[in-house]
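K.L.:
Got a sequence here, can you model it:
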Amino acid sequence: MPRYLEDLTPGLAFTGGPLLVTQQAIVEFGRQFDPQYFHTDPLIADSSFFGGLAASGWHTGALSMRMAVESPLNDFADGLIGIEVRSLRWPRPTRPGDTLRLNLEVLETRPSRSRPGWGTAVVRWTTLSQADQIVMTAETVIWVARRPQ
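P.N.:
Alright, predicted model coming up:
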């Protein structure tokens, strides 16, 4: 049964994952989208700022999006339609062998004044490793359909 804006309340939480991050996936993503040596070469990455191979922050974001889409938060009638990223941080790198999980929390909802039948929800994203270390935080705004009358 699809969810609508009326089904969301501040404090409502969803979880996603777990998702294992492999060295191969980090290197492949890095080569295609962020070809810096600390994302693409495990040997010379040891001498980098990160002290070893690290996933691109954009890779961590893409993995977080996958977990969000596979979570109950995506049970909306029209999917997860992003309209704004208010903040995005990567306080720690994602490493090969990390198993990520995602916590999503609804912070606020608001019916749209300009688009009847729609509203917005502000969602806090927290992506954690298996050691409960935060590897990404974000605050986004999404469009959410309102329940048909």
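
K.L.:
buried sites along the top helix by length along the chain?
P.N.:
The single longest helix within the chain, with elements called by DSSP state H, is helix 57-69. Within helix 57-69, the residues that count as buried by 16 or more other CB atoms under 10 Å are 57, 59, 60, 61, 63, 64, 65, 67, 68. C-beta: built from backbone N, CA, C; applies to glycine.

K.L.:
before we move on, what about stretch 25-33?
P.N.:
26, 27, 29, 30.

K.L.:
CSV please, covering these and showing secondary structure and distance to residue 148.
P.N.:
As requested, the buried residues of stretch 25-33 are arranged in CSV below (DSSP: H, G, I helix; E, B strand; the rest coil; distance: CB to CB, whole Å):
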residue, secondary structure, distance to residue 148
26, helix, 43
27, helix, 47
29, helix, 40
30, helix, 44
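
K.L.:
can you give me the strands for the protein?
P.N.:
For the chain, the strands defined by DSSP state E occupy 13-20, 81-89, 99-111, 118-128, 134-145.

K.L.:
nearest to residue 50, of these?
P.N.:
Nearest to residue 50, of all the strands of the chain, is strand 134-145, at 12.3 Å by CB to CB.

K.L.:
centre of the chain versus the closest one, how much separation?
P.N.:
The chain centre lies 7 Å from the centre of strand 134-145; the measure is CA atoms, centre = their mean, to the nearest Å.
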